[in-house]
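Asks: Prediction below, plus the sequence it came from.
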Amino acid sequence: MENKDSIFLKILEDNKRLLYKVAHTYCSNAADREDLIQEIIIQLWHSFDRYDSNYKLSTWMYRIALNTAISFYRKHKSRNERATVISEAIEHITHPKEEYKPDDNVKMLHSFINQLKDFDKAIILMYLEGLSQKQIAEVVGISSTNAGTKISRIKKSLKRKFDKINRYE
């Protein structure tokens, strides 16, 4: 039988893309992303014993990661880069073998998403990750109908921004 530490590290490894996406959505520089991922992992660890298996693991992780990211962003949005000490798990998560390198359209999408309100960022991030309307609603604590309405409005807003850029090219 695996011990708690091994199970936790396996969950982190299996879901590291979730951590990267949240960090890239809320932090523009590498040092802040590393700090945020570290903070998310700490919060996941503190909450690990209270995980309710009635919910999907990814829903639980998104809820913690997004709440941590929003708090982190608000607390650190004007700070300068600073050094951090990173444990073995943090080092492995923040320096993957395969580097995430977005193309120009993805970079533009990230830019547009960064202009959204924190709540809308969280919703569109989960939508782009393929979570269902119901799962998104569970994570952010709204009705499924409300989640659908918000997704639709955010998509229209992002489409308008892309259309505006494309008109000038």
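Replies: Okay, I see it.
Asks: which residues does the spatially most central residue of the chain contact?
Replies: Taking Cα atoms, centre = their mean, the centroid of the chain lies closest to Val22, which sits 1.7 Å from it. Going by Cβ atoms under 8 Å, 6 or more residues apart in numbering, Val22 touches Leu36, Ile40, Tyr62, Ala65, Leu66, Ala69, Leu125. No exception for glycine: its C-beta is placed from N, CA and C like everyone else's.
Asks: Mind doing that once more with 6 Å?
Replies: Each residue near Val22 by Cβ atoms under 6 Å, 6 or more residues apart in numbering is listed here: Ala65, Ala69.
Asks: following the one helix or strand it maps to, which helix or strand comes up?
Replies: Assigned by DSSP states H and E, Val22 belongs to helix 16-26. With elements assigned by DSSP H and E, the helix or strand that comes after helix 16-26 is helix 30-47.
Asks: which parts of that next one are buried?
Replies: Using 16 or more other Cβ atoms under 10 Å as the test for burial, helix 30-47 gives Asp32, Arg33, Glu34, Asp35, Leu36, Ile37, Gln38, Glu39, Ile40, Ile41, Gln43, Leu44.
Asks: Determine how far that helix lies from the middle of the whole chain.
Replies: Averaging C-alpha positions (Cα atoms, centre = their mean, to the nearest Å) puts helix 30-47 11 Å from its chain's average.
Asks: before we move on, back to that, mind putting the buried residues of helix 30-47 into CSV with distance to Ser143?
Replies: Listed next are the buried residues of helix 30-47 as CSV, based on distance: Cβ to Cβ, whole Å:
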residue, distance to Ser143
Asp32, 33
Arg33, 32
Glu34, 36
Asp35, 34
Leu36, 29
Ile37, 31
Gln38, 33
Glu39, 29
Ile40, 26
Ile41, 31
Gln43, 26
Leu44, 26
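Asks: For Lys159, state which of those residues is nearest.
Replies: Arg33 (27.2 Å; Cβ to Cβ).
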